[in-house]
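Chemist: only geometry, no sequence info:
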Ligand code: SF4
Ligand code: SF4
């Protein structure tokens, strides 16, 4: 590995968390460039395993989900559902021999929720501990047919 | 509907290993309802297979698509203009779907990605129950709308057995006793006397033993 290894992190986050407005997002994107791809979601319950899988397949060394605190979801159960979907995704990637740590979930604490910027920094550090993804070493074509 | 579950990914990888261009084909009917083979699951499986291929430096093309029903020709035919691009189809249809696609495109191997299981009901989100065996001679009327063949562990037609306890089945106490349910339901209709007759052993000839079953309806034919 060279000294300049820079993992790309896909970060899906509930728009309910502190300092996660569009302005904040733009600032972070500027700061991190290609290393951080930010995906705001209206509720973490909307997240599907396919979102995480596609990120790992196409560009990310690691994909994380940040949800609002348990019990604080605007849509009641979104964060709980997100937890199950993350577990499912971990099972899928483990089944092909990819480390399950490449997918993770962070549930904000209700007392001291971390702002988005702080989370991004922390998760980037976490991703740095992972080896480069074996999925991203070769490039292949993918395409999807529109339904008839 | 027909229920199914995805096979282990390693088994799928082994089956597709001889092929270089694979169409992962979902079915948006029964197997979508049981979250095994619809558009979503098809996309997930295809993505996982592509990642596995990349990790192992296998040079394969894996693409995905879902059609409305794999068991009905009118839908399968829609693959006609893309099928030539592939040397195998990995089907997330039920066993009937896999075979219908194979029938239509005889030259292309069609590989099952799912294990087809039973005729089921979606009891709640994420829970499917087998409650009909497709016996070919429905007896639900006599049993208050609850099938003892599918839902009694011993398939008793003259139950309950001696082990029924507080409404639970002795074979698996997590399951309700089907016969308790039958009796409760018939009582609700005031139709308990339907149990006064002794039902002879089930005649399975309408299900199996006489070769493959078929339904032919002239009024439905073209
Ligand atoms: S008797 Fe039971 S197995 Fe037979 S058709 Fe009716 S529900 Fe299905
Ligand atoms: S306890 Fe009820 S469901 Fe279980 S085997 Fe006996 S009669 Fe059938």
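Modeler: On my side now, so go ahead. Because the structure is predicted, anything quoted here is derived from the model rather than measured. Residues are numbered from 1 along each chain as shown, chains lettered A, B, ... in the order given. Ligands and ions are numbered 1, 2, ... in the order given.
Chemist: In contact with residue B:71, which residues?
Modeler: B:27, B:29, B:93-94, B:96-97, B:100 (CB atoms under 8 Å, 6 or more residues apart in numbering or on different chains). To be clear about C-beta, it is placed using only N, CA and C from the backbone, and glycine gets the same treatment.
Chemist: so is it in a helix, a strand, or just coil?
Modeler: State at residue B:71, reduced to three classes by DSSP: H, G, I helix; E, B strand; the rest coil: coil.
Chemist: What remains of the contacts of residue B:71 if I keep only buried residues?
Modeler: Taking 16 or more other CB atoms under 10 Å in any protein chain shown as the criterion, what is buried in the contacts of residue B:71 is B:27, B:29, B:93-94, B:96-97, B:100.
Chemist: Farthest pair within these?
Modeler: Farthest-apart pair in the buried ones among the contacts of residue B:71 is B:29 and B:100; separation 12.0 Å (CB to CB).
Chemist: Does ligand 1 have contacts with stretch B:131-151?
Modeler: Yes: using CB under 6 Å from any ligand atom, stretch B:131-151 reaches ligand 1 at B:132-135, B:138-140, B:147, B:149-150.
Chemist: Show me what the helix or strand that contains residue A:40 is packed against.
Modeler: Per DSSP states H and E, residue A:40 falls inside strand A:36-41. Secondary-structure packing of strand A:36-41 (3 or more CB pairs under 8 Å, 6 or more residues apart in numbering or on different chains; DSSP states H and E): strand A:9-14, helix A:22-32, helix A:116-128.
Chemist: from what I can see residue A:136 touches residue A:98, true?
Modeler: No: assessed by CB atoms under 8 Å, residue A:136 is found out of contact with residue A:98, at 11.0 Å.
Chemist: following the longest strand along chain B, which helix or strand shows up next?
Modeler: The strand that spans the most residues within chain B, counting by DSSP state E, is strand B:114-124. Heading C-terminal from strand B:114-124, the first helix or strand you meet, by DSSP H and E, is strand B:127-132.
Chemist: So for that following strand, mean pLDDT?
Modeler: Across strand B:127-132, the average pLDDT comes to 95.
Chemist: for stretch B:87-104, same thing?
Modeler: On average, stretch B:87-104 scores 98.
Chemist: ok so residue B:77 is a strand residue?
Modeler: No: going by three-state DSSP, the assignment for residue B:77 is helix, not a strand.
Chemist: Can you report how many residues lie near it?
Modeler: Residue neighbour count, defined by other CB atoms under 10 Å in any protein chain shown, stands at 13 for residue B:77.
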